[in-house]
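[1] requesting a structural model of the entry that follows:
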Amino acid sequence: MQMRKEVFLWCALQAISLLTIAQRTITVDYNKVSGKLNTTFNECVGAGRANEGLRADWQQQLAYVRKQCGFRYIRMHGLLTDDMAVYTEDSKGNPVYNYMYVDALFDYLQSIGMKPFVELGFMPNALASGHQTIFWWRGNVTPPKDYDKWAGLIKSLVTHFTERYGEEEVKTWYFEVWNEPNLSPGFWSSTQEEYFKLYKYTAEAVKAVNPAYRVGGPATAGAAWESETIDYCAKNNVPIDFISTHAYGVNQGFLDEYGNGGTVLSKDTMTVSGDVLQSRKEINASSKPNLELHYTEWSSSYTPADPLHDSYHEAAFILEKLKQVGNHANSMSYWTFTDIFEEPGPRFTPYHGGFGLLTIQGIAKPAFFAYQFLNKLGKTELQNNDARSWVTKNDRGDVQMLLWDFTYTLPDSTNNQNYYNKDLPAKPKGKVKISLSHLPAGNYTMEIYKCGYRENDSYTSYVDMGRPGRLNRQQVEKLKSQSSGKPSAIYQITIKANTALSKVIDIRENDVVMINLVKR
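    All right, here's what the predicted structure looks like:
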């Protein structure tokens with residue numbers, strides 16, 4: 001009798017354990033197609049400012065990220081700031097234009113197959129109405145002293161682009177007016193009314209060169225001013241081709257360049273993505289329901305001093321948000337591709353919570369692998385009811401599966417700067433069973449790639465080193481080798497006719513797994 005009780009208790013405990021860590025199942029039929037894969041995820045990526053794009057290391061990193069992650073457009077601040085030497089005036093107050101630095105940057109973008117998402121800002125000092133600036137590099141955030149001269153600069157610049165790159169090429173670009181004017185006095189020293197005036201002069205100057213060129217805004221923080229911008233343009237017959245705005249997944253304010261705000265990752269399961277869906281809803285309900293929607297900045301956190309950006313948690317966060325967004329946006333521009341980013345000035349440590357997918361020294365962070373894995377997906381998406389995975393096939397018929405776990409682990413009343421800056425072992429989340437039916441018979445190579453705790457996790461490796469303030473060459477190479485993105489396992493398998501492929505894998509909190517099935 002006692003033995004029966006013990007057996008019963010053991011079975012009950014096992015049942016409870018199975019309920020606690022349930023097996024997740026992803027079931028896919030190779031012949032059931034959902035449609036063309038939506039590639040919003042790598043349409044655009046961000047960078048700090050235009051002048052940084054003249055650096056050799058910045059250009060080398062962008063070429064690498066372009067190749068590995070497939071980004072097609074890039075957006076950055078400061079194209080018209082004085083360090084780009086675009087505008088001055090002669091002794092009589094006449095405008096003097098110069099585009100040599102801009103040409104060097106945009107020629108480079110063309111050479112690697114990328115296009116600019118042209119942010120028109122900040123104000124050249126010779127054209128500014130005031131002296132207020134933002135960031136270490138002093139971008140002037142005041143309105144123009146003369147709107148006709150501002151319009152003349154924009155018209156001259158866009159005409160120059162047309163002459164240098166051709167009308168058909170520039171038709172594929174986007175022109176965005178300013179950056180986050182709703183964060184006043186930070187990014188814009190004046191009012192919404194004054195921003196709309198700036199927008200009107202800018203948009204009309206762009207369209208004066210070619211009515212087919214695309215212009216939009218308001219490039220706000222926190223999905224603000226969208227309906228107001230559309231209403232203003234409709235009532236005043238001002239051209240607009242797209243709405244742009246920004247979103248970050250934290251609970252507090254928006255401008256924190258030094259990381260002093262104690263950022264806290266939002267518990268809202270629809271943070272960031274909820275903003276995108278709301279933006280699309282507002283556009284659909286407006287007088288201009290066919291406008292494109294571009295989120296020209298987004299990330300987990302809005303400060304370049306948040307260790308969450310370096311953590312393995314960031315990779316899962318990226319995939320979670322992009323999957324939730326679906327096709328509601330035309331682009332989701334991750335902020336940014338590199339830690340070569342000097343808003344608060346040059347950084348003094350290798351890992352400092354920077355926005356980048358790569359560190360200043362080109363070491364891949366976990367966030368990089370979210371985009372590299374996405375870029376491995378095929379063009380055709382297969383039907384799949386699992387909310388945290390994509391399954392695709394390419395033109396050869398090979399199958400790709402990207403899956404992840406997303407778990408919010410931040411304790412209450414703890415900010416990101418105190419939590420994500422340490423070694424954070426991931427707890428088990430059970431198993432994922434993959435079932436793929438009607439796969440063509442034959443021999444296959446199965447490659448499994450992983451990113452998670454101590455898997456392509458350069459930040460935890462850096463913590464293991466004792467967080468050195470400087471890395472020597474050997475340490476840089478060691479961190480790069482530990483985050484190389486190579487397959488964690490390779491199998492040779494045979495699929496027989498009328499049999500399904502079945503695979504069970506263990507998964508931990510915030511793991512990301514990429515499976516590539518290649519027919520030999």
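
[2] so where's this structure shaky on pLDDT?
    Scanning the chain with the threshold set as pLDDT under 70 gives 1-22, 252-254.

[3] neighbouring contacts of whatever helix or strand Thr25 lives in?
    When secondary structure is defined by DSSP states H and E, Thr25 falls within strand 24-29. Applying C-beta atoms under 8 Å, 6 or more residues apart in numbering, the contact partners of strand 24-29 are 382-386, 389, 391, 401, 403, 430-438, 507. For glycine as for every other residue, the C-beta is placed from the backbone atoms N, C-alpha and C.

[4] any quick PyMOL command for the buried ones out of the residues you listed?
    Restricted to the buried members of those, where burial is judged by 16 or more other C-beta atoms under 10 Å, the PyMOL selection command reads as follows:
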select buried, resi 382+384+386+389+391+401+403+430+432+434+436+507
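
[5] of the contacts of strand 24-29, which belong to strands?
    Secondary structure defined by DSSP state E assigns 382, 389, 391, 401, 403, 430-437, 507 of the contacts of strand 24-29 to strands.

[6] without its sequence neighbours, what residue ends up closest to Ser34?
    Taking C-beta to C-beta, 6 or more residues apart in numbering, and ignoring the residues beside it in sequence, Ser34 has Glu381 as its nearest neighbour in space, at 4.4 Å.

[7] which ones are touching the one you found?
    Under the criterion of C-beta under 8 Å, 6+ apart, the contact partners of Glu381 comprise Val33, Ser34, Gly35, Lys36, Leu37, Asn38, Trp390, Val391, Thr392.

[8] at 6 Å instead, please
    By C-beta atoms under 6 Å, 6 or more residues apart in numbering, Glu381 lies in contact with Ser34, Leu37, Thr392.

[9] show me what whichever strand or helix holds Glu320 is packed against.
    Taking DSSP H and E as the criterion, the element that holds Glu320 is helix 313-325. For helix 313-325, the contact count by 3 or more C-beta pairs under 6 Å, 6 or more residues apart in numbering; DSSP states H and E identifies helix 273-284, helix 366-375 as packing neighbours.

[10] so the longest one versus helix 313-325, what angle?
    Read it as helix 273-284. Here helix 273-284 runs at an angle of 30 degrees relative to helix 313-325 (axes from the mean of the first three to the mean of the last three C-alpha atoms, to 10 degrees).

[11] show me which residues of helix 273-284 are buried.
    If you call a residue buried by 16+ other C-beta under 10 Å, then helix 273-284 has these buried ones: Ser273, Gly274, Asp275, Val276, Ser279, Arg280, Glu282, Ile283.

[12] check which helices and strands it sits against.
    On a contact count with 3+ C-beta pairs under 6 Å, 6+ apart, helix 273-284 meets helix 226-236, helix 313-325.

[13] just the residues contacting the last one, thanks.
    Which is helix 313-325. Helix 313-325 has contacts (C-beta under 6 Å, 6+ apart) with 41, 272-273, 276, 300, 366-367, 369-370, 404, 406, 451, 510, 512.

[14] list just the nearest of those residues to Lys207.
    Of all the contacts of helix 313-325, the one with the least separation from Lys207 (C-beta to C-beta) is Val276, at 27.2 Å.

[15] list the contacts of the closest one.
    So Val276 contacts Val325, His328, Ala329 (C-beta under 6 Å, 6+ apart).

[16] just Asn125 next, same as before
    For Asn125, the set of contacting residues under the criterion of C-beta under 6 Å, 6+ apart consists of Asp82, Asn140.

[17] roughly how far does it sit from Glu89?
    As judged by C-beta to C-beta, to the nearest Å, Asn125 and Glu89 stand 10 Å apart.

[18] what about Thr245, how many neighbours?
    27 (other C-beta atoms under 10 Å).

[19] wait, it sits on Pro218?
    No. In this structure Thr245 lies outside contact range of Pro218 using C-beta atoms under 6 Å: 7.2 Å.

[20] in the sheet, who's paired with the closest residue to Arg396 other than its chain neighbours?
    Leaving out its chain neighbours, the residue that sits closest to Arg396 by C-beta to C-beta, 6+ apart is Lys519, at 7.0 Å. Per DSSP bridges, the residues bridged to Lys519 are Tyr444.

[21] is it true that Lys519 touches Tyr444?
    Yes. Taking C-beta under 6 Å as the contact criterion, Lys519 and Tyr444 are neighbours in contact, 5.4 Å apart.

[22] so which of these two has more stuff around it?
    Summary of the neighbour comparison: Lys519 and Tyr444, criterion other C-beta under 10 Å, with Tyr444 having more neighbours (21 against 15).

[23] so for the chain, the centremost residue is which one?
    Residue closest to the average C-alpha location in the chain (C-alpha atoms, centre = their mean): Tyr334, at 1.4 Å.

[24] could you chop the protein up by domain?
    The domain map for the chain lists 23-36+383-519, 40-381, with the assignment taken from automatic domain parsing.

[25] hey, which of the ones you listed is tucked in deepest?
    domain 40-381 (a mean of 20; mean count of other C-beta atoms under 10 Å).

[26] how long is that one end to end?
    14 Å (C-alpha to C-alpha, to the nearest Å).

[27] over to stretch 172-188?
    Length of stretch 172-188, first residue to last, C-alpha to C-alpha: 28 Å.

[28] and stretch 286-306, by the same measure?
    Here stretch 286-306 reaches across 37 Å from its first residue to its last, counting by C-alpha to C-alpha.

[29] just give the nearest non-adjacent residue to His328, would you?
    Distances taken as C-beta to C-beta, 6+ apart put Arg280 closest to His328, at 4.3 Å, once the chain neighbours are dropped.

[30] could you pull out the helices for the stretch 51-200 of the chain?
    Listed in chain order, the helices found in the stretch 51-200 of the chain under DSSP state H, counting those that start in this stretch are 56-69, 100-111, 147-165, 167-170, 192-209.

[31] Gln482 is nearest to which of these?
    Smallest distance to Gln482 across the helices of the stretch 51-200 of the chain (C-beta to C-beta): 16.9 Å, for helix 56-69.

[32] quick one: that closest one to chain centroid distance?
    Taking C-alpha atoms, centre = their mean, to the nearest Å, one finds the center of helix 56-69 at 15 Å from the center of the full chain.

[33] so what touches it?
    Residues from elsewhere that reach helix 56-69, judged by C-beta under 6 Å, 6+ apart: 42, 52, 108, 112, 114, 337-338, 340, 358, 362, 371-372, 375.

[34] pick out the most distant pair among these.
    Glu52 and Asn375 (23.6 Å).

[35] measure the residue nearest to Tyr195 when sequence neighbours are not counted to Lys288 for me?
    Distances taken as C-beta to C-beta, 6+ apart put Pro181 closest to Tyr195, at 4.2 Å, once the chain neighbours are dropped. Using C-beta to C-beta, Pro181 is found at 20 Å from Lys288.

[36] what sits against the nearest residue to Glu43 once chain neighbours are set aside?
    Computed as C-beta to C-beta, 6+ apart, the closest residue to Glu43 that is not its neighbour in sequence is Ser331, at 3.7 Å. Taking C-beta under 6 Å, 6+ apart as the criterion, Ser331 is in contact with Thr40, Glu43, Cys44, His294.

[37] contact partners for the third one?
    Read that as Cys44. Under the criterion of C-beta under 6 Å, 6+ apart, the contact partners of Cys44 comprise Tyr73, Arg75, Phe117, Ser331, Ser333.
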